[in-house]
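A.B. asks: A structural model of the following input is requested.
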Amino acid sequence: MGYSMPAKDEFLIVLDFLPTGKPGDRRSEPVTQGVGEKYFSLLEVILKEGATIKVKDRLYIGEGKRDQVKYIRSKIGFDDLTSYAKDVLEEVVNEVVAKDEKRFVEFFNKSGALTTRMHSLELLPGIGKKHLWSIIAERKKKSFETFEEIKQRVPMVGDPRKMVIRRIMEEFQEKDRHQLFVSGIV
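C.D. replies: Numbering: from 1, shown residues only. Alright, predicted model coming up:
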């Protein structure tokens, strides 16, 4: 069984705020571009009148009453992000992965085969067959608890945290048809 994630974010992390909307957009309403905190959905949201935000603010976008967000305008692709939002994105992904390390370490513990010839761990940059089998052997003995533990127990493996971040950034840019971490590619 493969490792899969549902697709609805509760919180959005602000990547950029366009007070007069996107250039060339007829609607000219203030637009915020952001990334979902859990499923990494790239979204544009419209703020309520008088809402004040800054880059990296965390906004509630779930089903309940929203304090600052009027509505979610749309899912967007990586190419729809402003240059500034693209610059901030990797920094935000880094922070999310660091803050929720346990969730990403669980990927190493629970991920499975995608096909008879491909394991989802192999989609991480730097993981080939040799590292794959070392990780599987080690997780059978005992589940991993931290990225540091993966590095210590799996000989010659690179930095697992950086592998996850790099993979997430590749998924935003749709470099592979398989999505391990990013939901809602348009």
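A.B. asks: what's around Met118, how many residues?
C.D. replies: 12 (other CB atoms under 10 Å). Any C-beta I mention is one placed from the backbone N, CA and C, and that applies to glycine too.
A.B. asks: nearest spatial neighbour of the residue most central in space within the chain, skipping sequence neighbours?
C.D. replies: Centroid check for the chain by CA atoms, centre = their mean gives Phe40 as the closest residue, at 3.6 Å. With sequence-adjacent residues excluded and distances taken as CB to CB, 6 or more residues apart in numbering, Phe40 is closest to Val182, at 4.4 Å.
A.B. asks: swap in Gly34?
C.D. replies: Leu12 (3.9 Å).
A.B. asks: does that neighbour touch Leu42 like I think?
C.D. replies: No: Leu12 is beyond contact range of Leu42, at 9.7 Å (criterion: CB atoms under 8 Å).
A.B. asks: just checking, what packs against the helix of greatest length in the chain?
C.D. replies: Ranked by residue count and defined by DSSP state H, the top helix of the chain is helix 83-99. Under the contact definition 3 or more CB pairs under 8 Å, 6 or more residues apart in numbering; DSSP states H and E, helix 83-99 sits against strand 11-18, strand 31-36, helix 160-172.
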